[in-house]
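*Asks:* Sequence and predicted structure are below.
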Amino acid sequence: MRLATISLIAAFAIATAMFGFVQKSSAEGYNQGPKVCGECHRGESEVWQGTKHFKSFKTVHKTKMAKKIAKATGQKSMKRNETCVQCHYTVTQKKAGGKSKPSAGPSCESCHGASSDWFPIHNDYGGPSVKADQETPEHKANRIASAAAAGMRWPSDRYGVAENCMECHGLANPNVAGDKLAIMLDMGHPTVADWELVRYSQGSVRHRFYPPDMTVNAELSVAQAAEMYVIGQAAKLVSAVGAAGRSDSAKYKEFQEARATAAREALGNVGAAASLLANPTADEARALVAAIKGQDLSGEVGGMLPAKDSYK
């Protein structure tokens, strides 16, 4: 069974960790790991295995800087550090209440939520013998809503996906204390102030397999890319504004304010973004996403869209 709408990979799911920490998510549950998802989502899994998200599991903890930052935030081993695991690892369990351990880099559940609760719902098309192409529209609508209520972050929740990316890539993870985020920045933790959703989601991590040909990893049209660009900038603005107030560190505030300024500039020509710019909250961002759905914003976004040869 394959779900055609899984479209981004990259960081938070809940699991009771073996070292006494918890990796947070929006719903109770635990990560089952990327192998479970890959049993059906083979194309997506193959893409993931070619990404830095996949490869980082064996390399990211080995550098001197990684060890230095991990030690400064509480535990020299990244895989045992409650700060590091939030973004750098998928923490899995075999069963509820069981032993947990980091078993992969950022993977399926890092973006789409811990699957233990929503997995059975996600795979039920109307009964044991009902296949995906036999599912009724009514059942599908209920399945999508029920899986979301159980913690699944669907690709159709475009703001939720973008928001999730920004939390880690913006050094703004809400599950990490502000003072530790500031320590990470002070000690040289890599940051990309102009991290942009289209450039980083439509390159090596792109996995858009849709009917009728599920073998094609579809590219975004210009209009779709422009819409995603605006959604990403909205998430970046909300993330940066919220993060700036979480630490007394002048350097950390400066970094987040630079992110917010860049996002405001990017959204300046988008008429529908006026309310968000005046009041940068998640609710306003979601209202913007709803307002621009299906619109061609390529004229308003203009030359700000990243060129394909710059995709990561």
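*Replies:* Alright, I've got the coordinates.

*Asks:* My guess is residue 159 contacts residue 235. True?
*Replies:* Yes. Using CB atoms under 8 Å, residue 159 is in contact with residue 235, at 6.2 Å. To be clear about C-beta, it is placed using only N, CA and C from the backbone, and glycine gets the same treatment.

*Asks:* Give the residues shared as contacts by the two.
*Replies:* residue 285 (CB atoms under 8 Å, 6 or more residues apart in numbering).

*Asks:* For the protein, name the helix or strand with the lowest mean pLDDT.
*Replies:* strand 15-16 (a mean of 28; mean pLDDT, DSSP states H and E).

*Asks:* and the protein, what are its domains?
*Replies:* Segmentation of the chain into domains, based on automatic domain parsing, reads 15-149, 158-310.

*Asks:* got TSV for these, with mean neighbour count too?
*Replies:* Below are the domains of the chain laid out as TSV (neighbours: other CB atoms under 10 Å):
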stretch	mean neighbour count
domain 15-149	18
domain 158-310	18
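
*Asks:* ranking these by mean pLDDT, which is last?
*Replies:* Least confidently modelled of these is domain 15-149, at a mean of 90 by mean pLDDT.

*Asks:* distance between that one and the chain's centre?
*Replies:* The chain centre lies 11 Å from the centre of domain 15-149; the measure is CA atoms, centre = their mean, to the nearest Å.

*Asks:* same thing with stretch 302-312?
*Replies:* So, by CA atoms, centre = their mean, the centroid of stretch 302-312 is 20 Å from its chain's centroid.

*Asks:* Where does residue 172 sit: helix, strand or coil?
*Replies:* At residue 172 the chain is in coil, as set by DSSP: H, G, I helix; E, B strand; the rest coil.

*Asks:* Ignoring the adjacent residues along the chain, who's closest to it?
*Replies:* Among residues not flanking residue 172 along the chain, residue 243 sits closest, at 3.7 Å (CB to CB, 6 or more residues apart in numbering).

*Asks:* can you pull the contacts of that neighbour?
*Replies:* Contacts of residue 243 by CB under 8 Å, 6+ apart are 170-172, 178, 181, 252, 256.

*Asks:* Please repeat the previous calculation with a cut-off of 10 Å.
*Replies:* If you count contacts by CB atoms under 10 Å, 6 or more residues apart in numbering, residue 243 has them with 166-167, 170-174, 178, 181, 252-253, 255-257, 259-260.

*Asks:* So residue 250 versus residue 304, what's the distance?
*Replies:* 29 Å (CB to CB, to the nearest Å).

*Asks:* isn't residue 156 right up against residue 148?
*Replies:* Yes. Counting by CB atoms under 10 Å, residue 156 touches residue 148, with 9.0 Å between them.

*Asks:* isn't there a strand covering residue 102?
*Replies:* Yes. Counting by three-state DSSP, residue 102 is part of a strand.

*Asks:* Tell me how far it lies from residue 149.
*Replies:* Going from residue 102 to residue 149 by CB to CB gives 28 Å.

*Asks:* Could you do residue 270 as well?
*Replies:* 31 Å.

*Asks:* for residue 303, same thing?
*Replies:* In this view, residue 303 and residue 149 are 41 Å apart by CB to CB.
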